[in-house]
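K.L.:
Fold the stuff below for me.
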Amino acid sequence: MIRIAIANQKGGVGKTTTAINVATALAATGYRVLLLDLDPQGNASTGLGVDRVDRSRSSYEVLRGDCSLSEAAIATRVPHLDLVAATVDLSGAEIELIDFERRTHRLDEAFAAAPPRWDVCLIDCPPSLGLLTVNALVAAQHLLVPLQCEFFALEGLSQLLDTIERVRARFNPGLSILGVALTMYDRRNRLSEQVAQDVRACLGNAVFETVIPRNVRLSEAPSHGLPALIYDHRCSGSEAYMSLARELIARMPAPAQAA
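P.N.:
I've put the predicted structure just below:
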């Protein structure tokens, strides 16, 4: 199973929107996809229409070892897309995990025990660089970084890259950056274009060609419990995420080659 963490310690960069819609696009192309919601806010779970009362087993229980990934996974409205939901209990998990052995490897061990039920797992990380995100980075083989086209984007990215290097050095030397996705791009704003140019000059081919635009339909879709690709597959945001998924597939190893 290919495991991809979607991370950025800055909130409001389109991370969860990217997780939901890339997962949906991959499922639409035939991949068996698991989306693991590791954010205490649980926005990915809500955005896929899973009510809080239906989250009896969540990523919190998986981290604690109270249930397996297979036991926590539930089907969504999207064919071939399963979800391990998040609950507010995750907000206290970082304190609880301090007393656990190998606390940075809890998620990695859960994946190691999982059957080959899925081709790809996307992990939606919280907007911080705490123990939950570290668990995701230790468990993942690849990293997808959504980056908002704004003035402080590169500053936040440097912090994330530093964390990635520390995780590589101590826990997961095989972790690679699959790509950086520019989000919330406003073609009417010259600053968006300038930031995009700066990021490409800094990171080169690591930046995906596809740019995700600011789009009202992307914002509306979660309130209906649907990915934008189902809510309005013809809007510019949906078309951009389909394009991003195609680029992602081109960069991913084949599922059979993944550990």
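K.L.:
Report the buried residues of the helix ranked longest in the chain.
P.N.:
Selection of the longest helix in the chain by residue count, based on DSSP state H, yields helix 153-170. Going by neighbour count (16 or more other Cβ atoms under 10 Å), the buried part of helix 153-170 is 153, 156-157, 160, 163-164, 167. C-betas here are computed from N, CA, C, even on glycine.
K.L.:
for stretch 222-239, same thing?
P.N.:
Those would be 222, 225-232, 235, 237-239, for stretch 222-239 by 16+ other Cβ under 10 Å.
K.L.:
before we move on, what about stretch 86-100?
P.N.:
Buried, per 16+ other Cβ under 10 Å, within stretch 86-100: 86-87, 89-90, 93-94, 97.
K.L.:
go on, stretch 125-135?
P.N.:
Quick answer for stretch 125-135 (16+ other Cβ under 10 Å): 125-129, 131-135.
K.L.:
If I look at Ala256, what pLDDT would I see?
P.N.:
At Ala256, the model reports a pLDDT of 52.
K.L.:
Against which helices or strands is the strand ranked longest in the chain packed?
P.N.:
Criterion DSSP state E: the longest strand present in the chain is strand 176-185. Helices and strands touching strand 176-185, by 3 or more Cβ pairs under 8 Å, 6 or more residues apart in numbering; DSSP states H and E, are helix 15-28, strand 142-148, helix 190-203, strand 207-213, helix 236-251.
K.L.:
What's the mean pLDDT across whichever helix or strand comes after the fourth one?
P.N.:
Moving toward the C-terminus from strand 207-213, the next helix or strand (DSSP states H and E) is helix 216-220. Averaged across helix 216-220, pLDDT comes to 93.
K.L.:
If you count contacts, what does helix 216-220 end up packed against?
P.N.:
Under the contact criterion of 3+ Cβ pairs under 8 Å, 6+ apart, helix 216-220 touches helix 228-231, helix 236-251.
K.L.:
what are the C-alpha coordinates of it, in CSV please?
P.N.:
The C-alpha coordinates for helix 216-220 follow below in CSV (Å, rounded to 0.1, in the frame of the first residue of the first chain):
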residue,chain,number,x,y,z
VAL,A,216,-16.6,28.8,-4.4
ARG,A,217,-17.7,25.3,-5.3
LEU,A,218,-14.7,23.8,-3.5
SER,A,219,-15.8,25.8,-0.4
GLU,A,220,-19.5,24.8,-0.6
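K.L.:
what does that helix contact?
P.N.:
With contacts defined as Cβ atoms under 8 Å, 6 or more residues apart in numbering, helix 216-220 is touched by 14, 17, 21, 212, 228, 231-232, 235, 237-238.
K.L.:
Most widely separated two among those?
P.N.:
Spatially, the most separated pair among the contacts of helix 216-220 is Gly14 and Asp232, at 16.7 Å (Cβ to Cβ).
K.L.:
one step back: what's the closest of the buried residues of helix 153-170 to Arg188?
P.N.:
Using Cβ to Cβ, the buried residues of helix 153-170 come closest to Arg188 at Ala153, 18.0 Å.
K.L.:
before we move on, the earlier item: so for the longest strand of the chain, what's the average pLDDT?
P.N.:
For strand 176-185, the per-residue pLDDT averages 93.
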